[in-house]
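Q: Here is my input, please return the structure:
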Amino acid sequence: MTTPRSHLLGLLVLASIGVARLAHASPADAVPATSPPPPPPALRLSVEIDPADYTIYDGWGGFVGIRPAATSPWRFRLGGGAATLPDAAVQNSDANDGWHQRIDGVVTLAAHRYFGHGRGGFFAGAVTGWSTITFTAPSGGTVDVDNVFAGIDLGYRWFPLRNAGLVITPHLGAIVPLYKSHEPTVDGMTYDLLPVIPMPQLLVGYEFDVLK
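A: Residues are numbered from 1 along each chain as shown. Below is the predicted model of the structure:
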């Protein structure tokens, strides 16, 4: 017949065995700690285009961006291209009715500061550049005007695939003309430039880890 004293003795024996096992447990028996995330690559490089340049604006364009780990969270982008602006944007007042614009060449440089974690997220920054614009008056005459501009840019950089570099970037810029070689005047008519020019874009491209 089992007595309460024998029950107590058995429990004490089991407890002592458990304590001994814990005392002699090896590090391999411990629960593994969560490993820290890998450090970002020394340099990320991206190549992007605005599909509208090729499908809507009868032009071309491309952008190359770099994001060095040393300047995180800053990213820098160089772009260039050409495009015919839609009449809805060019003929923005009664004085500008009948005018047309063709950007025959543009070069832009942007510096963006990112506010999220990882590769993408919201960003804002400065943009500057140079362009040559051909203005066509209602009479059919044309004039080429060189421009220097600066402005601000904000948007969101989205990586839809977790383990791939495909990136989609909608953003909106606003630029101010700083210098123009001369007024866009043709046959006594002058195009009335906006003091602030909006620049919406939707970029699609791919980002590479080139220095790991």
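Q: Residue 149: neighbour count?
A: Using other C-beta atoms under 10 Å, residue 149 is surrounded by 20 other residues. To be clear about C-beta, it is placed using only N, CA and C from the backbone, and glycine gets the same treatment.
Q: roughly how far apart are it and residue 69?
A: Taking C-beta to C-beta, to the nearest Å as the measure, residue 149 and residue 69 are separated by 31 Å.
Q: Now do the same contact list for the most centrally placed residue in the chain.
A: Centroid check for the chain by C-alpha atoms, centre = their mean gives residue 157 as the closest residue, at 4.3 Å. Contacts for residue 157 were tallied using C-beta atoms under 8 Å, 6 or more residues apart in numbering; they are 114, 119-121, 123, 167-169.
Q: Let's have these in a markdown table, adding secondary structure.
A: Shown next, in a markdown table, are the contacts of residue 157 (DSSP: H, G, I helix; E, B strand; the rest coil):
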| residue | secondary structure |
| --- | --- |
| 114 | strand |
| 119 | coil |
| 120 | coil |
| 121 | strand |
| 123 | strand |
| 167 | strand |
| 168 | strand |
| 169 | strand |
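Q: with those residues in mind, which one is nearest to residue 144?
A: When the contacts of residue 157 are ranked by distance to residue 144 (C-beta to C-beta), residue 169 comes first, at 30.7 Å.
Q: In the protein, what residue spans correspond to helices?
A: Counting by DSSP state H, the segments of the chain that form helices are 4-23, 51-55, 87-90.
Q: Could you list the low-pLDDT ranges of the chain?
A: Low-confidence segments of the chain, defined by pLDDT under 70: 1-35, 37.
Q: the strands in it, which residues?
A: Assigned strands in the chain, in chain order: 43-49, 60-68, 74-84, 100-114, 121-136, 142-157, 166-180, 185-186, 189-190, 197-211 (criterion: DSSP state E).
Q: Could you dump the ones you listed into a markdown table and include distance to residue 36?
A: Shown next, in a markdown table, are the strands of the chain (distance: least, C-beta to C-beta, whole Å):
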| stretch | distance to residue 36 |
| --- | --- |
| strand 43-49 | 20 |
| strand 60-68 | 21 |
| strand 74-84 | 23 |
| strand 100-114 | 21 |
| strand 121-136 | 21 |
| strand 142-157 | 24 |
| strand 166-180 | 25 |
| strand 185-186 | 63 |
| strand 189-190 | 62 |
| strand 197-211 | 18 |
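Q: Of these, give the one that comes closest to residue 94.
A: Nearest to residue 94 among those is strand 189-190; the distance by C-beta to C-beta comes to 12.5 Å.
Q: Would you check that residue 196 makes contact with residue 177?
A: No: using C-beta atoms under 8 Å, residue 196 makes no contact with residue 177, being 9.2 Å away.
Q: and the nearest residue to residue 87 once chain neighbours are set aside, how many neighbours?
A: Spatial nearest neighbour of residue 87, chain neighbours left out: residue 100 (6.7 Å); criterion: C-beta to C-beta, 6 or more residues apart in numbering. Close neighbours of residue 100, defined as other C-beta under 10 Å, add up to 19.
Q: Fine by me, thanks again.
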